[in-house]
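Enquirer: sequence and computational prediction follow.
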Amino acid sequence: MNSSIELFHAIREKFPEFLEAADKEHVRIWDEVTPETHYSWFESLANAINELMSSGEMLDSMARLFEYLSEVDLSSGIEIKQLIDVSFVENLFWEVSPGNAAKPWYLLPENLKKYYVEFHLGTPL
C-alpha cells in the first residue's frame, strides 16, 4: 500500500458490507464522502463498526477487516500507519459496553490493540 487514499479505495472495494453504514455516518457529520475526506471517513467507519459491536452483528466481517488493516499496517509506511492508528483504531469501541466490546477486542490483532492501549491507556474491557 503506497498511500492513505489507496487504502481508502481498497477498503471500499474489499469490504462493501460496511459502506452503507460508514457512508451514512460520514454524511451525517461531514456532509459528503469524497477521496479528499478519507481521513475523516475512517473515523466514520470506526463509528459504524462501534454500532455493529453494540448489536453483536457482523463479527466475521469485522475480523476480516481488522486482519486486513493489521497486515497493511505492518507492511506500510508512516502515513498509512497514522491513518489506521489515529483515524480508525483510536475511535473504535467508543461508547461500546465492555460486554459488547469483548468479542471484537479479541478479534483485533495485537499491533492494532497496541495503538488502542497506547492512546486510551487501557483496553475497552
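Expert: Now that the structure is in, tell me what you want to look at.

Enquirer: mind listing the helices for the protein?
Expert: Assignment of helices within the chain using DSSP state H yields the ranges 4-14, 19-30, 38-55, 59-75, 78-82, 98-107, 110-120.

Enquirer: winner for burial among these?
Expert: Per residue and on average, the most neighbours among the helices of the chain fall to helix 38-55, with a mean of 20 (mean count of other Cβ atoms under 10 Å). C-betas here are computed from N, CA, C, even on glycine.

Enquirer: centre of the chain to it, how far?
Expert: Relative to the centre of its chain, helix 38-55 is centred 6 Å away, using Cα atoms, centre = their mean, to the nearest Å.

Enquirer: begin at 45 from here
Expert: Right, with 45 as the first residue, what we last looked at is helix 82-99.

Enquirer: other residues contacting it?
Expert: The contact list for helix 82-99, computed with Cβ atoms under 8 Å, 6 or more residues apart in numbering, reads 48-49, 51-52, 55, 62, 65-70, 73-74, 77, 102, 106, 109, 127-128, 131-141, 144-145, 148.
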